[in-house]
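> turn this into a model:
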Amino acid sequence: IIVDDDDDDDDGGSVESAEAGAGSKRKSAEKDEGGVVEVSPPLKEKKPKCLFFSSFFYAILRNSKGGYSYNNVKRWCRKVNLPDYDFVFFPINVANSHWTLAIVNPKKNRIRYLDSLGGKNQQCLKLLETFLQDEGKARGFTEMTKKWDLDSVGPSTAGIPAQGDSCSCGLFVLSYADCISSGKKLTDLRGCFAQHDMANVRAYVLETLLGCRMK
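Predicted coordinates for the structure are as follows:
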C-alpha cells in the first residue's frame, strides 16, 4: 500500500505498481479516493504486508517551529492501521542532497535507518518514534506508545550494499525497499544487488515510469 495525503483521486481507479529491483514482477493494484494503493501479491507467494509513505511525509512532519508536529500528518493514517503491517517504509531526504530509508516494523516496535553511505541519523529515528507513539495514543494502539528499538544501519555495521558514487542514493533506497518488501532480511541485502547493478536498476525504473498510466 502506498500512502499520500491526496484527496483528489477518483473512485475505483486502477494503477500498475512495479517493484524497484531489476527483474521484479509487476503487480495489479486498486486505488481509492484517499490516495492509498493496495498492491496484490501474486498467488501462493507469502510476502510481508507493507505500507509505503511518500517522500513528503517526513518533511511535513518536521515542518514546525519545534521541528516536529503530529498535527501536520495525523490525517495520513486515517484509513490505515499501522499495527496491521509487517513493514512501513519512509523515504528520507537529507539536506536536499541525499536519499535514505527508514523502515518500521510495527509488530516488533523496531525502526531501522538505512543509509547507503553509512551515515547515522538519530534525529530521524527519534522523530519517527515520537510520531508512532503519538499515533498509538491517538488511535488506541497501546503497543505503539511504548519505547521503540532504534538503530542506524549501514554497509559497515550491517553489511548492506554500499553506494560507490555520488548519484545513486535514490536507486539504493528503491532497491532496499524492493528487497525487504519482497521478504528479504537485512542480512540478505548484500547478495541482492551492488553498485554495479545500478545501471540496470536505473533503466528498469525508467521503463516502469514510462509505462505508467498517468491521469
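
> tell me which residue of this structure is furthest from the middle?
Lys65 (25.7 Å; CA atoms, centre = their mean).

> hang on, that residue in a strand?
No - counting by DSSP: H, G, I helix; E, B strand; the rest coil, Lys65 is not found in a strand; it is coil.

> spit out the contact partners of it.
With CB atoms under 8 Å, 6 or more residues apart in numbering as the criterion, no residue contacts Lys65. C-beta coordinates here come from the backbone N, C-alpha and C atoms, glycine included.

> for this structure, just list every one of the helices.
Using DSSP state H, the helices of the chain run over residues 56-62, 122-139, 155-158, 169-181, 198-210.

> most tightly surrounded among the ones you listed?
helix 169-181 (a mean of 23; mean count of other CB atoms under 10 Å).

> show residues contacting that helix.
19-21, 24, 47-48, 50, 52, 87, 89, 91, 98-101, 103, 114, 116-117, 160-161, 163, 186, 188-189, 192-193, 197-198, 201-202, 205.

> for this structure, what are the low-confidence residue spans?
1-3, 5-45, 214-215 (pLDDT under 70).

> so where do the strands sit in it?
Applying DSSP state E to the chain gives strands spanning 2-3, 14-18, 26-31, 37-39, 50-53, 87-94, 98-105, 110-114, 149-153.

> so what's the residue most central in space within the chain up against?
For the chain, the residue nearest the mean C-alpha position is Phe89 (2.1 Å; CA atoms, centre = their mean). Taking CB under 8 Å, 6+ apart, we find Phe89 in contact with Cys50, Leu51, Phe52, Phe53, Leu101, Ala102, Ile103, Val104, Ala177, Ile180, Ser181.

> skipping adjacent residues, who's closest to Leu117 in space?
Leaving aside its sequence neighbours, Leu117 sits nearest to Gln163 (CB to CB, 6 or more residues apart in numbering; 5.5 Å).

> that neighbour: neighbour count?
20 (other CB atoms under 10 Å).

> and it, what does it touch?
Neighbours of Gln163 in contact, by CB under 8 Å, 6+ apart: Ser116, Leu117, Cys169, Phe172, Gln195.

> closest to Ser69 out of those?
Distances from Ser69 to these, taken as CB to CB, are shortest for Cys169 (26.6 Å).

> who's in contact with stretch 137-152?
Outside stretch 137-152, the residues that reach it (CB under 8 Å, 6+ apart) are 70, 74, 77, 81-83, 106, 108-113, 115, 119-122, 125-126, 129, 132-133, 135-136.
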